[in-house]
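Visitor: Prediction below, plus the sequence it came from.
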Amino acid sequence: MAMQQTIEAYRHPFTTGTEVKRMLINGEWVRAASGKSFESRNPATGDLLANVAEGDKEDIDRAVNAARAAFEGPWSKCKPYERQALLLKIAELVEKHYEELSLLDTLDMGAPVARTRGTKQRVIGMLRWYAGMATSIHGETINNSLPGDIFSYTLKEPIGVVGAIIPWNGPLGACIWKIGPALATGCTVVLKPAEEAPLTPLRLGEILMDAGVPPGVVNIVPGYGETAGAALAEHPGVDKVAFTGSHFTGQSIVRASAGNLKRVSLELGGKSPDIVFADADLETAVPGAGMAVFANSGQICSAGTRLFVERKVYDEFTTRVADFGKSLKVGNGLDPDTQIGPLVSEQQYERVTGYLSTGRQEGARPLTGGEALTEGAFGKGYFIPPTVFADVQDTMRIAQEEIFGPVISAIPFTDIEEVITRGNATTFGLGSGVWTRDVSKAHRLAKGLRAGSVWINCYQAMDPAVPFGGYKMSGYGRESGIQQMEEYLNVKAVWIKTA
Ligand code: ADP
């Protein structure tokens, strides 16, 4: 009880005060041109955290102009070594303020502190990896076959002004996944945080300024998707949009990009198959397959939500995953013991509870969960317990559509070729998982699954050096890895007649 009171009364330094949180344009903290603001609330309690300046077209315009001027100004003369030093300085400051940033992520979007603190090594590692990349970008000399002495080589050049549009499901990491490669390659950025979770991006903006990011190189304009986001996606002064979010929004971004044919990279949704064979080490597969969906309350685009289980262990395995789900502590993310926090918003809550009813109507059988939690303190937030639906058919909506909640659709299978076909029978192709002790099966699945990542005997492993992205309607382009650097670079061929 004492802990509960402390948690409920907790005020984060960034959320105290009544001043509207301003946006970052050209190194200055400014109000929205319209004077408008919007509320950011804690999804665990409904409490108001802060009012935030609501950017729209005019603010995006100012920010893009600042980013363009910075791109053409002194920033373009910055040496790779200087950009590396800047990224290392940012890494140092983010590390210093990590506790504060992780608590802010928890307050604004609900993820448990156990999770937001747990990402520390990965997030700092990303910044340090991007720092390394800053001094590793190079073109090539190419032996051409032309007669005479004509020498050819390539230059890799920053693409220019990047419009970064990010989701709310991991705000700090999402910012760094876009700002990091931009700074490494010498681009400038206008970042539009998700309206559900704008606070960590703004606090990060302060840290970037303290680290010495020059004015205009990183601009942060919070606002709604249909206004600020759409204005950024269609802006003729933006050279590339780096987007993470739903495939519907991804499609409108592609349409909006047509005006100036800007480069687009899209990391979208998924309905990823996670495939468990009877020969797997079930001791690790149970929590592995469970957390492949329950982590972050299922609000991860590559969550392994279609759980295919070999028929001979189907009943045993699904029961064990359901028991595992039941054992997880659901609650306010500020409680260090919480493993599953609330969903981010009312909209998300309506969507997920809608799918829980759909699943039951379609004839799926909840082994655990299946109803929102509404008793006591749960009633103030958007809490859905880990849910496992058994008896799911491939054609059911809960097996086809992205739910973005802690909901597993468990489906039996009998044969390896059959499960490859059924696993691939989705419009998406982001993640996939395989649990087996048989290396031949593992390899067959690694080749057969049409997805950007295949995790074998693990799920959701991520590293800044390893590319991540989608096949099919999960998008195109890659984040992390040298492949991501290419997304932020243009290649120029240079020819010199030397004789
Ligand atoms: P989700 O459904 O997970 O919230 P969205 O795709 O709606 O995913 O949102 C991801 C990001 O895209 C957010 O920053 C949101 O504001 C932005 N966004 C939403 N609609 C548009 C749009 N039409 N154009 C550009 N950005 C948008």
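Guide: Arrived safely, thanks for sending. Numbers count the residues shown, from 1 in each chain.

Visitor: How about the backbone phi and psi for the residue in the stretch 301-450 of the chain that the ligand sits nearest to?
Guide: Here the stretch 301-450 of the chain gets closest to the ligand at one residue, F404, 6.6 Å apart by CB to the nearest ligand atom. Glycine gets a C-beta too; all of them are placed from N, C-alpha and C. With angles defined as degrees, to the nearest 10, F404 sits at phi 60, psi 40.

Visitor: Report the contact partners of it.
Guide: G269, G298, Q299, Q348, R351, V352 (CB atoms under 8 Å, 6 or more residues apart in numbering).

Visitor: could you redo the last one with a cut-off of 7 Å?
Guide: G298, Q299, Q348, R351, V352 (CB atoms under 7 Å, 6 or more residues apart in numbering).

Visitor: and the chain, which of its residues are near the ligand?
Guide: Applying CB under 6 Å from any ligand atom, we find that the chain lies next to the ligand at 165-167, 192, 194-195, 224-226, 229-230, 233, 245-246, 249, 252-253.

Visitor: What's the mean pLDDT across stretch 181-196?
Guide: The average pLDDT for stretch 181-196 rounds to 98.

Visitor: these two touch, right, T135 and Q84?
Guide: Yes - shown here, T135 and Q84 form a contact pair, counting by CB atoms under 7 Å, at 5.1 Å.

Visitor: Compare those two (neighbour count), which wins?
Guide: A direct count of neighbours by other CB atoms under 10 Å for T135 and Q84 places Q84 higher, at 21 against 15.

Visitor: okay but the more buried one is in contact with I137, surely?
Guide: No - using CB under 7 Å as the test, Q84 is too far from I137 to be in contact (10.7 Å).

Visitor: re the thing from before, strands - which of the residues of the chain next to the ligand land there?
Guide: I165, K192 (DSSP state E).

Visitor: buried subset of the residues of the chain next to the ligand?
Guide: Neighbour-count burial (16 or more other CB atoms under 10 Å) applied to the residues of the chain next to the ligand gives 165-167, 192, 194-195, 225, 229-230, 233, 245-246, 249, 252-253.

Visitor: Please report the number of neighbouring residues for A33.
Guide: 17.

Visitor: now A66
Guide: 23.

Visitor: And it, what's its pLDDT?
Guide: On the pLDDT scale, A66 is placed at 98.

Visitor: same check, this time on the one 5 residues further on
Guide: F71 is assigned a pLDDT of 98 by the prediction.

Visitor: what do you get for G17?
Guide: 84.

Visitor: Repeat that for Q5.
Guide: Predicted confidence (pLDDT) for Q5: 54.

Visitor: swap in G148?
Guide: 89.

Visitor: my guess is it contacts W495, does it?
Guide: No - applying CB under 7 Å, one finds G148 not in contact with W495, separated by 11.2 Å.

Visitor: Can you pick out the residue with more neighbours from the two?
Guide: Higher neighbour count among G148 and W495: W495, with 10 against 7, using other CB under 10 Å.

Visitor: what sits against that one?
Guide: I150, S152.

Visitor: Please tell me how far it sits from the ligand.
Guide: From W495 over to the ligand the distance is 39 Å, taken as CB to the nearest ligand atom, to the nearest Å.

Visitor: Could you pull up phi and psi at that residue?
Guide: Here is the backbone geometry of W495 (degrees, to the nearest 10): phi -120, psi 130.

Visitor: Quickly find the element holding the most centrally placed residue in the chain.
Guide: Nearest residue to the geometric centre of the chain (CA atoms, centre = their mean): A174, 5.2 Å. Taking DSSP states H and E as the definition, one finds A174 inside helix 171-185.

Visitor: by contact count, what packs against that helix?
Guide: helix 80-96, helix 98-109, helix 120-134, strand 188-192, helix 199-211, helix 481-487 (3 or more CB pairs under 7 Å, 6 or more residues apart in numbering; DSSP states H and E).

Visitor: what mean pLDDT would you report for the next helix-or-strand element following the fifth one?
Guide: Stepping forward along the backbone from helix 199-211, the first helix or strand reached (DSSP H and E) is strand 218-220. Mean pLDDT, computed over strand 218-220, is 99.

Visitor: Tell me the helices and strands packed up against strand 218-220.
Guide: Using 3+ CB pairs under 7 Å, 6+ apart, strand 218-220 sits against strand 23-25, helix 57-72, strand 188-192, helix 199-211.

Visitor: Packed most tightly, which of the ones you listed would that be?
Guide: strand 188-192 (a mean of 30; mean count of other CB atoms under 10 Å).

Visitor: Please name the nearest non-neighbouring residue to the residue nearest to the centre of the chain.
Guide: Closest residue to A174 apart from its sequence neighbours, by CB to CB, 6 or more residues apart in numbering: I166 at 4.0 Å.

Visitor: next one: D323
Guide: Per CB to CB, 6+ apart, closest to D323 is T368, 7.5 Å.

Visitor: Just grab the bridge partners of that neighbour for me.
Guide: V388 (DSSP bridges).

Visitor: Quick check, P406 in contact with G298.
Guide: Yes - applying CB under 7 Å, one finds P406 in contact with G298, separated by 4.0 Å.

Visitor: Spell out, range by range, the strands that occur in the stretch 351-499 of the chain.
Guide: Assigned by DSSP state E, counting those that start in this stretch, the stretch 351-499 of the chain shows strands spanning 365-368, 387-390, 407-413, 433-435, 455-456, 468-469, 478-479, 489-497.

Visitor: low-scoring pLDDT stretches of the chain, where are they?
Guide: 1-5 (pLDDT under 70).

Visitor: Now do the contacts for the residue lying closest to N169 once chain neighbours are set aside.
Guide: Excluding the flanking residues, the one nearest N169 by CB to CB, 6+ apart is Q299, at 4.4 Å. Contact partners of Q299, counting by CB under 7 Å, 6+ apart, are N169, L343, V344, F404.

Visitor: Quick check: strands, which of those residues are part of them?
Guide: Judged by DSSP E, strands contain none of those.

Visitor: Among the buried ones among the residues of the chain next to the ligand, which one sits closest to T18?
Guide: Distances from T18 to these, taken as CB to CB, are shortest for E195 (20.1 Å).
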